[in-house]
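Q: when you get a sec, could you give me coordinates for this:
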Amino acid sequence: MRSMGGERVEEAVASCTRLLRTATDRDWDGVKAGRLEWSCLRTAEHIAGDLVAYAGQLAGRAQDAYVPFDITLDEGTDAAGALDVIEATGALLSAAVRTTPPGVRAFHPYPFRSVNREGFAAMGIVEVLLHTHDIAEGLGLAYEAPAELCEDVLTRIFPQVQPGPAPWPTLLWATGRGDLPGRAPVTEWRWHNTPVVPAERLTLEGVTPAAARDLFLGGDGGFEWIEGGPFHGTREASGMVVAAYENGMYRPEWGLYILVRKEDGRAIGGMGFHGAPDEDGRAEVGYDLAEAARGQGYATEALRALTARALVRDDVRALHAVVNEDNHASHAVVSRAGFRRVGTTGENGTQVAYELGGV
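A: Predicted structure coming up:
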């Protein structure tokens, strides 16, 4: 799995400036950037502003709001100067991403009010790629963003977007800048960073389609695992995430979470839902732990945190879990988390069904 780090930010900025420096002799201030109301010069200023804002969030570890500053080009700055600023602010974001520990999250309003370093890198890259497209369109230049870079961001902050025939046209369509055969035009859009659920000793970190694919194929998904992890159930659940993503049905808050210990930042297992709630407001939860993490109350702690978050939603009526009859440890976990036994299921009744809520 390709990392979403500072080098990806640098790759995006290089893609931008390499093309746009061929047209610095044109009138950037008097020409609109594609479909935007901004001029090409104002759009370049916006790119730089986003890059430095994301760098500031990470560097300042902002938790409640944006760090209150902005960037403005000096009066008289020309196109070449604006590209210099994009390169400088891109370097700042790259450095912030490289030096921020993996577990750190900083404020961003949508949709979960916090983002990790990969999310800020991905958002910065999207701003660069899309607005390079806008400026290029305004100046009459042909631009195609690197396909692998587009796939990187689609599989990280556009998990709700079903993959299309090629990553760049899909990203343009998903952001209201192009058409895809068989899909309605997009008029409003947002990226979708991964959710996180805090618990006492753990953090439940939402899995992106990129991480899920890597886990399913035998990788680590970008997590540092304890010995024996990830267990096979997490890899199977990752395959469910990949299938849902490819079908355009993946919803991160109803997907897979990796359980990360706060004390050492190491992953110990996976927990999540088999899909979004059905029309009756019911969703099924599942989990597994690496053997070295069992018997320490981690699963119960994580299950309580995840179910508490789900049950306060208006679209959730009840949560379900299915446990093999002979899995005594798992029976204890769901019981301690508040689930009640409601019957048997499976072939010859070899599994026990549990429910939380729904009364």
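
Q: show me what the helix or strand hosting E11 is packed against.
A: Using DSSP states H and E, E11 sits in helix 6-20. Under the contact definition 3 or more CB pairs under 8 Å, 6 or more residues apart in numbering; DSSP states H and E, helix 6-20 sits against helix 40-60, helix 79-99, helix 117-139, helix 147-157. In short, each C-beta sits where N, CA and C put it, glycine included.

Q: show me the contacts for Y54.
A: Contacts for Y54 (CB atoms under 8 Å, 6 or more residues apart in numbering) come out as L93, A96, F120, M123, G124.

Q: gap between the two ends of stretch 238-258?
A: The separation between the terminal residues of stretch 238-258, taken as CA to CA, to the nearest Å, is 10 Å.

Q: report the rounded mean pLDDT for it.
A: Averaging the model's pLDDT scores along stretch 238-258 yields 95.

Q: before we move on, what about stretch 136-154?
A: Averaging pLDDT along stretch 136-154 gives 98.

Q: buried stuff in it?
A: Of the residues in stretch 136-154, 136-139, 143, 145-146, 149-154 count as buried by neighbour count, 16 or more other CB atoms under 10 Å.

Q: now Y250: how far from S15?
A: Computed with CB to CB, to the nearest Å, the distance linking Y250 and S15 is 27 Å.

Q: who has more neighbours out of the two?
A: Neighbour tally, Y250 and S15, criterion other CB atoms under 10 Å: the higher count belongs to Y250, 26 against 19.

Q: ok, the more buried one - contacts?
A: Applying CB under 8 Å, 6+ apart, the residues near Y250 are P159, Q160, P209, V241, A244.

Q: now do the SS call for it.
A: Y250 falls in the coil class when you classify it by DSSP: H, G, I helix; E, B strand; the rest coil.

Q: how close does it sit to R61?
A: Relative to R61, Y250 is positioned 30 Å away (CB to CB).

Q: what do you get for A290?
A: For A290, the distance to R61 (CB to CB) stands at 30 Å.

Q: out of the two, which sits in the more crowded spot?
A: With neighbours defined as other CB under 10 Å, A290 and R61 compare such that A290 has more, 21 against 12.

Q: quick check: nearest residue in space to the more buried one, chain neighbours excluded?
A: Spatially, and ignoring its direct neighbours in sequence, A290 is nearest to G229 (3.5 Å; CB to CB, 6 or more residues apart in numbering).

Q: thinking again about what came up before, relative orientation of the helix holding E11 and helix 40-60 in degrees?
A: Direction vectors for helix 6-20 and helix 40-60, defined by axes from the mean of the first three to the mean of the last three CA atoms, to 10 degrees, enclose an angle of 170 degrees.

Q: mean confidence (pLDDT) on helix 6-20, please.
A: Helix 6-20 comes out at a mean pLDDT of 98.

Q: let me know the angle separating it from helix 79-99.
A: Our comparison of helix 6-20 with helix 79-99, counting by the same axes, to 10 degrees, yields an angle of 170 degrees.

Q: and H328, how far is that from D27?
A: Here the criterion is CB to CB. By it, H328 lies 74 Å from D27.

Q: ranges for the strands of the stretch 251-359 of the chain?
A: When secondary structure is read from DSSP state E, counting those that start in this stretch, the stretch 251-359 of the chain shows strands at 256-261, 267-273, 282-289, 318-324, 340-345, 351-357.

Q: who does the first one pair with, and is each partner parallel or antiparallel?
A: Read it as strand 256-261. Sheet pairing of strand 256-261 (DSSP bridges) gives strand 202-206 (antiparallel), strand 267-273 (antiparallel).

Q: among the ones you listed, show me which one is buried the most.
A: strand 267-273 (a mean of 26; mean count of other CB atoms under 10 Å).

Q: can you check what angle separates that strand from strand 282-289?
A: 170 degrees.

Q: so what's the residue count around the nearest residue to R113 once chain neighbours are set aside?
A: Using CB to CB, 6+ apart and skipping the chain neighbours, the partner closest in space to R113 is F107 (6.4 Å). One way to gauge burial is a neighbour count; for F107, by other CB under 10 Å, it gives 16.

Q: which residues touch F107?
A: The neighbours of F107, taking CB under 8 Å, 6+ apart as the test, are Q57, A62, Q63, D64, A65, Y66, R113, S114, V115.

Q: which residue is the nearest non-sequential neighbour of the fourth one?
A: Which is D64. F107 (6.0 Å).

Q: for the one you found, grab phi and psi.
A: Torsion angles at F107 (phi, psi; degrees, to the nearest 10) stand at phi -70, psi 130.

Q: state the pLDDT value of it.
A: 97.

Q: measure it to A353 for me?
A: According to CB to CB, F107 stands 40 Å off from A353.

Q: over to L319?
A: As for L319, its distance to A353 is 12 Å (criterion: CB to CB).

Q: more crowded one of those two?
A: Neighbours per residue, other CB under 10 Å: of L319 and A353, the larger number sits with L319, 26 against 17.

Q: pretty sure the more buried one contacts L356?
A: Yes - checked against CB atoms under 8 Å, the pair L319 and L356 is within contact range at 4.6 Å.

Q: mutual contacts of the two, please.
A: Taking CB under 8 Å, 6+ apart as the contact rule, the neighbours common to L319 and L356 are T307, L311, F339.

Q: so who does the residue nearest to D50 when sequence neighbours are not counted touch?
A: What sits nearest to D50 in space, not counting adjacent residues and going by CB to CB, 6+ apart, is E127, at 4.4 Å. Contacts here follow CB under 8 Å, 6+ apart; on that basis E127 touches H46, I47, D50, L51.
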